[in-house]
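[1] just need the structure, nothing else, for what follows:
(one chain, ligands or ions: 4)
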Amino acid sequence: RAKAEQLGGYRFFEQTMSDELNDRRQIEHDLRHAADRGELYMVYQPQAAVASSAIVGFEALVRWRRPGHGQMSPAIFIPLAEECGAILPIGEWVLRAVCKEAAGWPNPLSVAVNVSPVQLHTPNFVALVHTVLLETGLSPRRLEIEITETALVRDFARTLATLRQLKALGVRIAMDDFGTGYSSLSNLRAFPFDKIKIDRSFVSAVDTNQQAAAIVRSVLGLGRGLGLPVMAEGVETQAELLFLQSEACDGAQGYFLGRPGPIDQFAHLTRANLHAPAPDVETPP
Ligand code: C2E
Ligand code: MG
Ligand code: MG
Ligand code: MG
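    Numbers count the residues shown, from 1 in each chain. Ligands and ions are numbered 1, 2, ... in the order given. Next up, the predicted model:
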């Protein structure tokens, strides 16, 4: 009996594993076709200058409408897409969609797009960015590419060459999620970043948590020393924003300033027209 149960338990376990494997294969298959099938769309989150609270740009964030399934966070499907190679068609679709969209915005507004390490390391990445800029007419100065530290761990020389070529196009490069990866400090010195984005884990409760405040202050000092503007991610309260203001942080992004949403939601900013009065700006949640 004990043996039968053991066997049953084992078979049950095996079944679950193979279900999960099948699910995963199905997701990966669907991811490979998500761009072609028109299942991807972008949402945009405002980025503000801390001193004036003015919106200076947007971060573009991808969403996947998978038929028959609910929303899946990009924090889940992007890593799967990276593992199975689907990130390449997805990343290319994202870059085109975002540049096309941003090309229609009033001039000073910039757009930040997340680029996966896998995509960054493909040999034709710089050529793709160049082509898309030409196709869409977006000024390279208004495009910012966000990369995380994981993009920097492999093949130092090639990564450096790629980032320099992007800079030569006029594109800006931001280090995303700063403080969560490793060898952060040497990366900042070795690679030509234009901006540091402090990870939201340090920003949350920065007004009440002394450790978080100390870390944010030191990153701001680092930015000042290196001549790099610093943007805080994940600003959820006015108190956090006031702290950042008092510490002279350059930029802020987070639910308090605006949740990511379809670009139409920000039409009063992106279709700014000097002759028409802007509608009331939505009050932050
Ligand atoms: P990320 O680039 O660090 O993007 C910021 C994430 O924080 C977004 O999650 C955003 O919705 C969320 N966020 C913004 N403000 C707040 C806040 O005040 N509080 C909290 N709790 N969260 C906030 P999202 O859209 O789920 O994206 C997750 C991650 O997926 C991104 O992190 C990025 O690494 C990746 N990702 C998203 N879109 C793309 C894309 O188009 N391409 C690539 N390669 N990766 C993407
Ligand atoms: Mg980002
Ligand atoms: Mg981030
Ligand atoms: Mg992140």
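[2] the nearest residue to R142 once chain neighbours are set aside bridge partners, please.
    Nearest residue to R142 in three dimensions, chain neighbours excluded: S110, at 4.7 Å (C-beta to C-beta, 6 or more residues apart in numbering). Where C-beta positions appear, they are placed from N, C-alpha and C, glycine not excepted. Bridge pairing for S110 (DSSP bridges) gives the partners G57.
[3] for burial, what's the neighbour tally of S110?
    For S110, the count of nearby residues is 19 (other C-beta atoms under 10 Å).
[4] where's it relative to A49, distance?
    Distance of S110 to A49, given as C-beta to C-beta, to the nearest Å: 11 Å.
[5] who touches both of these two?
    Common contact partners of S110 and A49 (C-beta atoms under 8 Å, 6 or more residues apart in numbering): V56.
[6] pairing partners for the residue nearest the centre of the chain in the sheet, please.
    With distances taken as C-alpha atoms, centre = their mean, N114 lies nearest the centre of the chain, 4.0 Å away. Note on N114: beta-bridge partners E146, judged by DSSP bridges.
[7] quick one: residues contacting it.
    Neighbour list for N114: E59, A60, L61, V62, V94, E146, I147, D176 [criterion: C-beta under 8 Å, 6+ apart].
[8] try M231
    Q47, A174, K195, I196, K197, I198, C249, D250, G251, A252, Q253.
[9] I'd assumed D36 was in contact with E92.
    No. E92 lies out of contact with D36 (C-beta atoms under 8 Å); the separation is 11.2 Å.
[10] what about the two, which has more around it?
    For E92 and D36, the more surrounded residue by other C-beta under 10 Å is E92, and the numbers stand at 18 against 10.
[11] which SS class is that one?
    Recorded secondary structure, E92: helix (DSSP: H, G, I helix; E, B strand; the rest coil).
[12] the residue lying closest to it once chain neighbours are set aside and Q119, how far apart?
    Spatial nearest neighbour of E92, chain neighbours left out: L128 (6.4 Å); criterion: C-beta to C-beta, 6+ apart. Distance of L128 to Q119, computed by C-beta to C-beta: 9 Å.
[13] appreciated, that's everything.
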